[in-house]
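In: just coords:
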DNA sequence: GTGGTCTAGACCACC
DNA sequence: GTGGTCTAGACCACA
């Protein structure tokens, strides 16, 4: 986790969890790591992880069985995509396009960098 | 200025100033509005504008003459582009690409939305 | 803090912090006093201390963890020395030498006064 | 003149005048440049030069004949030296020594740099 | 008129 | 508890 980031740590953790689920690193409809375990992994206070789980629970991405743990819902991936796609298109994309325009970055350059990024970051994909 | 934004107002103002310079709304190597004037225009406290000017001065985009005012450096536009392009490519683009990938948004769709954005936002451009 | 000084209070505080670190009064790579605590100690407004911390953070002498506090980096001392030595040699020393020359103060006299100063100010040193 | 300096421009000008006098560039007991002339030379507002002249007049370094101009007193050089030496030893030297100590700059290094400085800056002197 | 600094006090998100 | 931002208002030195 990056401490000196604009984005709150609990949101960084929430994003991390979503990523794991979208990439099928954590099998859907199964138990996800306990608050304490994940806190140890990412080296933050358990309260902070708890807040991320709370946040995702409100977004109906994960749910909780008392005394057992947190689980990713069957429809977790769709929930995540729906929630984030909407926000992304409406809020982040315009600012991103403005930056592209002002910094004079062409779509061709972007396309090229994207291809590089994908093949570097997700080499396993077909 | 958007008061209910994650981004601090003084950073929004700094971005606004950069935009004016990049779009040649404010002639480079000339005096930019005084702290008090800009504060009146954007309707915030002069201290907040001052903080934006401070910020840009540290980034070497603008400089200041005692008792006279703030000026955009000759090379202001290059400074802005250099400073922001570097940060953009290194920090924002990977996160952006990751989102594109995870949300399964194609470059074709992106291209299309970009064209719409540009013609809507900067209709005067050739 | 000296309120009737040319130098701004927040810069005096920044110098004070650097001094504490250089003299190992505050262990490096540890948390330094909170904004509010230091403000109480030096009897200024917390905002003023905050400005000093901001300043040192930009100089990469200290850094900050959200909701936890400010920390002196491992390499804080080297950063301070590097940053100040460079500026000192380039900007202050020539003016100082010019004054020595114009006021006709010899290096012998300087040496003598320096010895007195050191033994008066840092009597503990070997 | 350096606009973005901590030191006020009028004080920079006053220092410049003192330098000229100490180095006998401007013959003592003669008329020194008019406010307008010097303002043109150093490219500042005449008011600012006037303020420097005022300042030096209060320090009894120069004096004024109405309608004729400013003159350096016979004893100008001694006045300058007296005024500045006192202030220098009392106010600037301790801070300078502290910096030397904290930045770990030895008197040997200082001596060496001083020699270089003098031979570079005042090559005409014996 | 310009910027520069400081205060007092408020509110917020975050850990 | 921590820092972060903003306001309102004051005072100052400077050009």
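Out: Arrived safely, thanks for sending. If you're wondering where the values come from, they're calculated on a predicted model, not measured in any experiment. Numbers count the residues shown, from 1 in each chain, chains lettered A, B, ... in the order given.
In: The residue in chain A that chain C sits nearest to: neighbour count?
Out: Among the residues of chain A, residue A:3 lies closest to chain C, at 4.5 Å counting by C-beta to the nearest C-beta. Heads up, the C-betas are built off the backbone N, CA and C, glycines and all. Other residues near residue A:3 come to 14 when the count uses other C-beta atoms under 10 Å in any protein chain shown.
In: if you skip the residues just before and after it, what's nearest to it?
Out: In this structure, residue A:3 finds its nearest non-sequential neighbour in residue C:65, 4.5 Å apart by C-beta to C-beta, 6 or more residues apart in numbering or on different chains.
In: Identify the residues contacting that neighbour.
Out: The contact partners of residue C:65, taken as C-beta atoms under 8 Å, 6 or more residues apart in numbering or on different chains, are A:3, A:4, C:71.
In: And these, which is the shakiest by pLDDT?
Out: Looking at the contacts of residue C:65 by pLDDT, the weakest one is residue A:4, with 79.
In: coming back round to it: so which of the contacts of residue C:65 would you say is closest to chain D?
Out: Taking the contacts of residue C:65 together and measuring to chain D by C-beta to the nearest C-beta, the closest member is residue C:71, at 20.9 Å.
In: thought the closest one was touching residue C:32?
Out: Yes - using C-beta atoms under 8 Å, residue C:71 is in contact with residue C:32, at 6.7 Å.
In: Tell me where chain A has strands.
Out: A:62-65, A:69-72 (DSSP state E).
In: Please enumerate residues in contact with the last one?
Out: It stands for strand A:69-72. Applying C-beta under 8 Å, 6+ apart, the set of residues contacting strand A:69-72 is A:21, A:26, A:28-32, A:34-35, A:53, A:57, A:61-65.
In: I'd say residue A:110 and residue A:99 touch.
Out: No - Residue A:110 is beyond contact range of residue A:99, at 11.2 Å (criterion: C-beta under 8 Å).
In: follow-up on the earlier one: looking at strand pairing, list the partners for the residue nearest to residue A:3.
Out: Taking DSSP bridges, one obtains residue C:69 as the residues bridged to residue C:65.
In: Output the contacting helices and strands for the lowest-mean-pLDDT helix or strand in chain A.
Out: Across the helices and strands of chain A, mean confidence by mean pLDDT, DSSP states H and E is lowest for helix A:76-87: a mean of 83. On a contact count with 3 or more C-beta pairs under 8 Å, 6 or more residues apart in numbering or on different chains; DSSP states H and E, helix A:76-87 meets helix A:9-22, helix B:93-103.
In: Spell out which residues of chain A are next to chain B.
Out: Applying C-beta under 8 Å from any C-beta of the partner chain, we find that chain A lies next to chain B at A:6, A:18-19, A:22-23, A:81, A:84-85, A:88-89, A:92-94, A:96-105, A:107, A:110-111, A:113-114, A:117-118, A:121-122.
In: Quick check on those: which are buried?
Out: A:18, A:22, A:81, A:84, A:88, A:93, A:96-102, A:105, A:110, A:114, A:117 (16 or more other C-beta atoms under 10 Å in any protein chain shown).
In: Could you list the low-pLDDT ranges of chain A?
Out: Judged by pLDDT under 70, chain A has its weakly predicted residues at A:28-29, A:125-126.
In: just to revisit the earlier point, and residue C:71 and residue C:32? which has more neighbours close in?
Out: Using other C-beta under 10 Å, the more surrounded residue of residue C:71 and residue C:32 is residue C:32, with 22 against 17.
In: give me the number of residues near the residue lying closest to the more buried one once chain neighbours are set aside?
Out: Closest residue in space to residue C:32, ignoring its immediate chain neighbours: residue C:70 at 5.2 Å, by C-beta to C-beta, 6+ apart. Applying other C-beta under 10 Å, we find 20 residues neighbouring residue C:70.
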